[in-house]
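Q: output the structure for:
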Amino acid sequence: MLYVLAKSVSKKENILETQKILEALIEPTIKEEGCIKYELLQDNTNPEVFFFDEIWESKEKLNAHAASSHFLEAQEQLKSQLESPMEVYLLNKIG
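A: Residues are numbered from 1 along each chain as shown. This is a model prediction of the structure:
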């Protein structure tokens, strides 16, 4: 299994629109083959910071997600909403 944290930092004036774009990714993504977990989280202290907490069966399944039309469309929409490009961390579970 592959664990992923994806961090997006919205421009302060775009928080609600950024959240809307990110939320729209949830339903189609959880239906994708190989998606075990896909949750959107928002920082309590800094509401412009969002994380996707993800678990995928494999790197290949994650790559398929990254090439999906809904993901690519969201990436295009987010370009003007975010302070900086999304940061993605590929992780291994310990213990």
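Q: quick one: buried residues of stretch 42-52?
A: Across stretch 42-52, burial judged by 16 or more other Cβ atoms under 10 Å covers Glu48, Val49, Phe50, Phe51, Phe52. Just so you know, the C-beta spots here come from the backbone N, C-alpha and C atoms, and that holds for glycine as well.
Q: what mean pLDDT does that stretch have?
A: Averaging pLDDT along stretch 42-52 gives 98.
Q: start the count at 110, not 1, going forward
A: From this message on, residue numbering opens at 110, which makes the last subject stretch 151-161.
Q: please save the CA atoms from it in CSV.
A: Extracted as CSV, the C-alpha positions of stretch 151-161 are listed here (Å, rounded to 0.1, in the frame of the first residue of the first chain):
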residue,chain,number,x,y,z
GLN,A,151,-8.5,21.5,6.7
ASP,A,152,-6.1,23.0,9.2
ASN,A,153,-7.9,24.3,12.3
THR,A,154,-5.5,27.2,12.8
ASN,A,155,-4.8,28.1,9.1
PRO,A,156,-8.0,27.6,7.2
GLU,A,157,-6.2,28.2,3.9
VAL,A,158,-4.3,24.9,4.3
PHE,A,159,-5.9,21.7,3.0
PHE,A,160,-4.6,18.1,3.0
PHE,A,161,-5.7,15.0,1.2
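Q: tell me the one of the buried residues of stretch 151-161 nearest Phe180?
A: Nearest to Phe180 among the buried residues of stretch 151-161, counting by Cβ to Cβ, is Phe161 at 10.7 Å.
Q: my read is that closest one is in a strand, agree?
A: Yes - under DSSP: H, G, I helix; E, B strand; the rest coil, Phe161 sits within a strand.
Q: name the element the closest residue to it other than its chain neighbours belongs to?
A: Of all residues not flanking Phe161 in the chain, Ala115 sits nearest, at 4.2 Å (Cβ to Cβ, 6 or more residues apart in numbering). For Ala115, the element it lies in under DSSP states H and E is strand 111-118.
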